[in-house]
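**Q** sequence and predicted structure, then a few things I'm wondering about:
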Amino acid sequence: MRRLILLRHAKSSWSDPELDDHARPLNARGRRAAPMMGGWMREQGLAPDHVTMSDSARTQETWALASAAFDAPPEPLVTPLLYHADPATMLDALRAAPTEARTVLMIGHQPGVGGFARKLCRGEAPAQCARAFQHYPTAAAAVFEFDAASWSAVDWGAARFTAFACPRELV
């Protein structure tokens, strides 16, 4: 079994309208939410073996804060391909994950993460997870399981959507 944790970056700051979108940092709410989600992942036994993420400042800061919850967090693979990526690009990135990785964490942006979630499991999800398909809140995490020998074998409709959490539900 392989597991994917799909995390949207935490809430970013819009305080500097001159700042390029790529460079926007997290705001105070985002800096509180990211470690909260790292703690949730740890409590659920969801320590990632491999992390791949967008190269935006807010995704990198999200992982920097969330990763503090783990004893030995992996170094992330930071890629510009995941910056506002569409679901097909996200699938390609997931398929490129190392075979030895059993749990992959992918950190990206909306609307790509919501579309990716829908396509991975044909829009089927337990009732408590279905809201991820409509609006994927900042710092929210969805968990998927796959019966696949390698990440390269993962395809649309092959996932079981098993869990969903967002910071406001954890406080």
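**A** Yep, that arrived. Predicted model, so just to flag it, every value in this text is computed and none were measured.

**Q** what mean pLDDT does the host helix or strand of L105 get?
**A** Assessed by DSSP states H and E, L105 sits inside strand 103-108. On average, the pLDDT along strand 103-108 is 98.

**Q** what is the subsequent helix or strand relative to that strand?
**A** With secondary structure assigned by DSSP H and E, strand 103-108 is succeeded by helix 112-120.

**Q** about what we covered before: partner strands of the strand holding L105, parallel or antiparallel?
**A** Strand 103-108 pairs in its sheet with strand 2-8 (parallel), strand 50-54 (parallel), by DSSP bridges.

**Q** contacts for the last one, please.
**A** Put plainly, it is strand 50-54. 9, 59-60, 62-63, 67, 73-80, 82-85, 93-94, 96-98, 101, 103-109 (Cβ atoms under 8 Å, 6 or more residues apart in numbering). Quick note: C-beta positions are derived from backbone N, CA and C, even for glycine.

**Q** equivalent analysis for stretch 142-156, please.
**A** 1-6, 44, 46, 91, 94-99, 101, 104, 113, 117, 119-122, 129, 132, 136, 158-164.

**Q** mind giving me the ChimeraX select for these, buried ones only?
**A** This is the ChimeraX syntax for the buried subset of the contacts of stretch 142-156, where burial follows 16 or more other Cβ atoms under 10 Å:
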select :2,3,4,5,6,46,91,94,97,101,104,113,117,119,120,121,129,132,136,158,159,160,161,163,164
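
**Q** got JSON lines for the strands paired with strand 103-108, with mean pLDDT and distance to A141 too?
**A** Below are these laid out as JSON lines (pLDDT from 0 to 100; distance: least, Cβ to Cβ, whole Å):
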{"stretch": "strand 2-8", "mean pLDDT": "98", "distance to A141": "5"}
{"stretch": "strand 50-54", "mean pLDDT": "98", "distance to A141": "13"}
